[in-house]
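Enquirer: give me a model of this one.
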Amino acid sequence: MSGQFYAMLSRMKYIQRWALMRNTYPENISEHSEEVAMLAHALAVIGNKRLGKQLDASKAALIGIFHDSQEIITGDMPTPIKYYNDDTRTAFKNVEEEASNLLLSMLPEDIRAEYLPLFFEAEGDGYLWKLVKAADRLSALIKCMEEEKAGNREFAGARAGVYARLTEMQLPEVEIFIQEFLPAYELTLDDLKVRDE
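Expert: Numbering: from 1, shown residues only. Model prediction:
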């Protein structure tokens, strides 16, 4: 099975998110992972520049790229089901761990060690993983905002729930991002123009 890793990862674009919701624009896990990587990098940079931390922003972005890759095997489990109770949460965590191990087994052994800390939390990387989780929730919040902006009220409840879980994390990087950068996601393209034509 060694050598199939990258071909399997290329299938991330076929896994749709928000399966239980009516979407004005469908989102796949490849698109989502790119956004999570960008946001995780941003949160780490904010931590470094505004809060005096020494976070590895590049590693945060890499973890973000791979954070949902196991969904190639498991599919995207809707949040209400995935977190229904402690039993389902634990069971699904075990399934995700097995899927991650299966993906890693598709790499030659000499390369596998480079990817292990991008699939499983390494010692000393706990805060980076929290930032990636926050970036994941930020991405979900942005999706909800985009859907509402397009007139889709289907995401109103999800938006409130995601926002609550995000703020419960009490991460100063997230608070800064929400205050300074999140409002721009409400703007139209014309409002975002850099210069007048």
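
Enquirer: which residues does the residue nearest the centre of the chain contact?
Expert: Note on the chain: the residue nearest the mean C-alpha position is Asp136, at 2.9 Å, using C-alpha atoms, centre = their mean. By C-beta atoms under 8 Å, 6 or more residues apart in numbering, the contact set of Asp136 is Val36, Gly64, His67, Asp68. C-beta: built from backbone N, CA, C; applies to glycine.

Enquirer: only whichever of those are buried, select them in PyMOL.
Expert: Filtering those down to the buried ones (16 or more other C-beta atoms under 10 Å) takes a single PyMOL command:
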select buried, resi 36+64+67+68
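
Enquirer: helices along this structure, start to end?
Expert: Taking DSSP state H to define them, one finds helices in the chain at 5-9, 29-51, 57-66, 71-74, 79-82, 86-104, 109-119, 126-149, 156-168, 172-180, 189-192.

Enquirer: now do the first one, average pLDDT.
Expert: Mean pLDDT, taken over the full extent of helix 5-9, equals 96.

Enquirer: and what of the fourth one?
Expert: This predicted structure assigns helix 71-74 an average pLDDT of 92.

Enquirer: and the residue nearest to Asn152 when sequence neighbours are not counted, what is it in contact with?
Expert: Once flanking residues are discounted, Asn152 sits nearest to Thr24: 4.9 Å by C-beta to C-beta, 6 or more residues apart in numbering. Thr24 makes contacts with Glu147, Ala150, Gly151, Asn152, as judged by C-beta under 8 Å, 6+ apart.
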